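Asker: predicted coordinates and the sequence they were generated for:
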Amino acid sequence: MSDLIHHIAIQDDWEMSRGFGEYVVSTRGVHLDDAGFIHAATADRLDEVIAARFSDLALPLLDIAIRPEGLAAEGIAVEWVDGFPRILGAVPMTAEVVASETPLPR
């Protein structure tokens, strides 16, 4: 089993995606189609990402823990750039891919 990767999601974006069965938000305010990938991070870099991208936002956030092997089984690659994983497709909202959805304290 590989290490989990993480995506910080605005809770409303994540919940609204459930009806479609996949998540297509690259990062705050950016769609997968516009960026070409979904931003992710390792667990030890989550605080850095939150500070850089979400510190001024009062909306509830979620830490979405993602199984890279679940993505691979769905044919979705993960590439690494400057120590950050990039998910090269929509994230299926299945138990095989999503390990956990953890609310982040604000």
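Answerer: Everything's here; your move.
Asker: mind checking how far residue 57 is from residue 71?
Answerer: Residue 57 sits at a distance of 26 Å from residue 71 (criterion: CB to CB, to the nearest Å). The way it works is simple: take the backbone N, C-alpha and C, and place the C-beta from them, glycine included.
Asker: before we move on, what about residue 45?
Answerer: Counting by CB to CB, the gap from residue 45 to residue 71 is 19 Å.
Asker: ok, the two, which is more surrounded?
Answerer: residue 71 (24 against 15; other CB atoms under 10 Å).
Asker: need the contact list for the closest residue in space to residue 33 that isn't next to it in sequence.
Answerer: With sequence-adjacent residues excluded and distances taken as CB to CB, 6 or more residues apart in numbering, residue 33 is closest to residue 24, at 7.4 Å. Neighbour list for residue 24: 17, 31, 32, 33, 38, 90, 91 [criterion: CB atoms under 8 Å, 6 or more residues apart in numbering].
Asker: now, the residues you listed that are in helices?
Answerer: Among those, the ones falling in helices (DSSP state H) are 17, 32, 33.
Asker: who wins for neighbours among those residues?
Answerer: Busiest of the ones in helices among the contacts of residue 24 [other CB under 10 Å] is residue 32, holding 19 neighbours.
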